[in-house]
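> I'd like to go over a predicted model; first the sequence, then the structure.
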Amino acid sequence: MTKSINRKEFIRLSTAAALSLPVWSMISCKSPDSQNGEESALPAEMADPTYASHPGLQLYTVRDLFAQDPEGTLKQLADLGIKQLEFYDATALKTYVPKVKDLGMEVISTHFSPGLITGNWGDPANGGMTPPENYSFERMIEECAASGVRYAGIAYIFPWDRTSLDNFKHIAEKANEAGEKSKAAGVQLYYHNHSFEFKPTDGTTPFEEMMKIMDPDLVKLELDLFWTKISGNDPAAMIGKHADRVIMMHLKDLKAGTPLDTDTANVDPGAFQPMGDGIIDFKQVLTAAHAAQVPYGFIEQDQSPDLPVMESIQRSLTYLQGLGM
């Protein structure tokens with residue numbers, strides 16, 4: 001079995017990319033009661049807004065299997081009942097979006113490396129990345145839009161981009177600039193958090209400073225419940241506080257007894273648990289998510305040391321379906 005790699009290593013090796021489409025377009029869709037009698041354009045997730053009705057998965061969860069057998073892995077996910085996917089590498093969209101559609105699933109979003117908007121790839125001699133050839137943020141957005149993918153998300157901030165609070169502020173400013181470009185192309189930008197954004201710094205946190213700078217119309221938020229919880233924050237309260245920004249969630253559980261952490265890099269792999277096997281109150285969180293009209297929830301498990309990864313996904317699916325939320 002291929003040894004699992006962490007998110008930092010994967011993004012370094014795969015040179016991630018991005019996704020597309022306006023976030024709250026669903027809210028402007030015509031209702032079934034429209035006076036002109038046109039057929040409703042409401043997507044399925046609004047007709048039945050429960051996350052159990054359109055379960056999603058961040059493909060990073062099965063990165064090892066996908067690297068070995070992409071089409072076979074996608075088929076397994078479809079057979080489990082996954083309906084929506086979030087990619088971790090936008091360069092794969094052109095190849096695999098048609099295959100995903102053939103299996104009855106939809107690619108909603110993808111992550112991409114911040115180097116595409118900052119131009120800072122680090123020093124390759126000291127763990128940095130080599131910039132991708134003939135690939136840019138603009139090209140990524142074009143390919144996302146052409147593939148019918150709706151959202152593009154900043155996956156992670158590398159250590160060389162977060163040595164000070166000013167670094168985080170710079171990322172937020174660059175995100176706004178990128179958000180203007182992506183919105184013009186019909187693509188909604190978003191930011192995916194870890195735990196380092198919540199580290200107390202100079203009387204505040206990077207997260208709070210980034211939220212002050214990021215335009216809520218240009219840069220939405222994908223709240224990772226695990227990283228929010230392990231940093232000592234309440235995911236449900238965070239959704240309520242940022243209801244105008246949160247459009248997606250990463251659904252994964254935190255093992256009881258895990259120490260609080262705002263470092264991210266050194267979390268025990270066993271801390272990552274399927275939904276329902278840890279300490280996150282998903283009824284409370286999903287109630288808050290419904291109140292905030294968060295349309296998407298993607299099951300994700302960065303590591304699955306206790307069970308084969310497909311079994312972990314099935315446990316999360318079964319738990320989500322049991323909640324009926």
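In hand now; what should we look at?
> mind listing what's buried in stretch 231-249?
Going by neighbour count (16 or more other C-beta atoms under 10 Å), the buried part of stretch 231-249 is 231, 233-236, 238-239, 242, 245-249. C-beta: built from backbone N, CA, C; applies to glycine.
> in strands only, show me those.
Mapping the buried residues of stretch 231-249 onto strands (DSSP state E) picks out 246-249.
> list just the nearest of the residues you listed to Ala125.
For those, the closest approach to Ala125 (C-beta to C-beta) belongs to Met248, at 35.5 Å.
> tally of neighbours for the closest residue to Ala256 other than its chain neighbours?
In space, and not counting its chain neighbours, Ala256 is closest to Ile279: 5.0 Å by C-beta to C-beta, 6 or more residues apart in numbering. By other C-beta atoms under 10 Å, 13 other residues sit near Ile279.
> ok, now the one 5 residues further on?
The burial metric for Gln284, expressed as a neighbour count using other C-beta under 10 Å, is 14.
> does it touch Ala237 like I think?
No - counting by C-beta atoms under 8 Å, Gln284 stays clear of Ala237, with 9.3 Å between them.
> isn't the residue nearest to Ala256 up against Ala271?
No - assessed by C-beta under 8 Å, Ile279 is found out of contact with Ala271, at 10.5 Å.
> one step back: want to throw the ones in strands among the buried residues of stretch 231-249 into TSV with pLDDT?
Shown next, in TSV, are these (pLDDT from 0 to 100):
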residue	pLDDT
Val246	98
Ile247	98
Met248	98
Met249	98
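> show me the two of those that sit farthest apart.
Farthest pair in these, by C-beta to C-beta: Ile247 and Met249, 8.9 Å.
> mutual contacts of the two, please.
222, 294, 296 (C-beta atoms under 8 Å, 6 or more residues apart in numbering).
> ok, and the most crowded of the residues you listed?
Using other C-beta under 10 Å as the neighbour test, the shared contacts of Ile247 and Met249 are led by Glu222, with 26 neighbours.
> sec struct for that one, please.
Secondary structure for Glu222, judged by DSSP: H, G, I helix; E, B strand; the rest coil, is strand.
> beta partners of it?
Beta-bridge partners recorded for Glu222 (DSSP bridges): His192, Met248.
> so how far is Asp202 from it?
26 Å (C-beta to C-beta, to the nearest Å).
> ok, back up a step: which one of the shared contacts of Ile247 and Met249 is nearest Asp215?
Glu222 (16.2 Å).
> enumerate every residue touching the closest one.
Contacts of Glu222 (C-beta under 8 Å, 6+ apart): 109, 153, 190-193, 246-250.
> would you format those residues as CSV with distance to Lys99 included?
Listed next are the contacts of Glu222 as CSV, based on distance: C-beta to C-beta, whole Å:
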residue, distance to Lys99
Ser109, 17
Gly153, 22
Tyr190, 24
Tyr191, 28
His192, 24
Asn193, 30
Val246, 30
Ile247, 25
Met248, 23
Met249, 26
His250, 24
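> Ala289: which of those is nearest?
Met249 (6.3 Å).
> coming back round to it: pick out the most distant pair among the buried residues of stretch 231-249.
The widest separation within the buried residues of stretch 231-249 (C-beta to C-beta) is 20.4 Å, between Ser231 and Ile247.
> where does the stretch 201-325 of the chain have low pLDDT?
Along the stretch 201-325 of the chain, the model assigns pLDDT under 70 to no residue.
> over to the stretch 1-150 of the chain?
Across the stretch 1-150 of the chain, residues meeting the criterion (pLDDT under 70) sit at 1-46.
> those helices in it, which residues are they?
With DSSP state H, counting those that start in this stretch as the criterion, the stretch 1-150 of the chain has helices at 7-14, 44-47, 63-68, 70-80, 93-102, 115-118, 137-147.
> right, so the ones you listed: which one is the most enclosed?
Mean neighbour count (mean count of other C-beta atoms under 10 Å) peaks for helix 115-118 among the helices of the stretch 1-150 of the chain, with a mean of 23.
> tabulate the CA atom coordinates of it in PDB.
Included here for helix 115-118 are C-alpha records, laid out as PDB according to Å, rounded to 0.1, in the frame of the first residue of the first chain:
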ATOM      1  CA  GLY A 115       1.700  30.500  -5.700                       C
ATOM      2  CA  LEU A 116      -0.600  31.000  -8.600                       C
ATOM      3  CA  ILE A 117      -1.800  34.300  -7.100                       C
ATOM      4  CA  THR A 118       1.300  35.400  -5.100                       C
END
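> which helices and strands sit right next to that helix?
helix 137-147, helix 165-184 (3 or more C-beta pairs under 8 Å, 6 or more residues apart in numbering; DSSP states H and E).
> so the residue nearest to Phe298 when sequence neighbours are not counted versus Leu320, what's the distance?
In space, and not counting its chain neighbours, Phe298 is closest to Gly56: 4.0 Å by C-beta to C-beta, 6+ apart. Using C-beta to C-beta, Gly56 is found at 10 Å from Leu320.
> give me the common contacts of these two.
With C-beta under 8 Å, 6+ apart, Gly56 and Leu320 have common neighbours Ile299.
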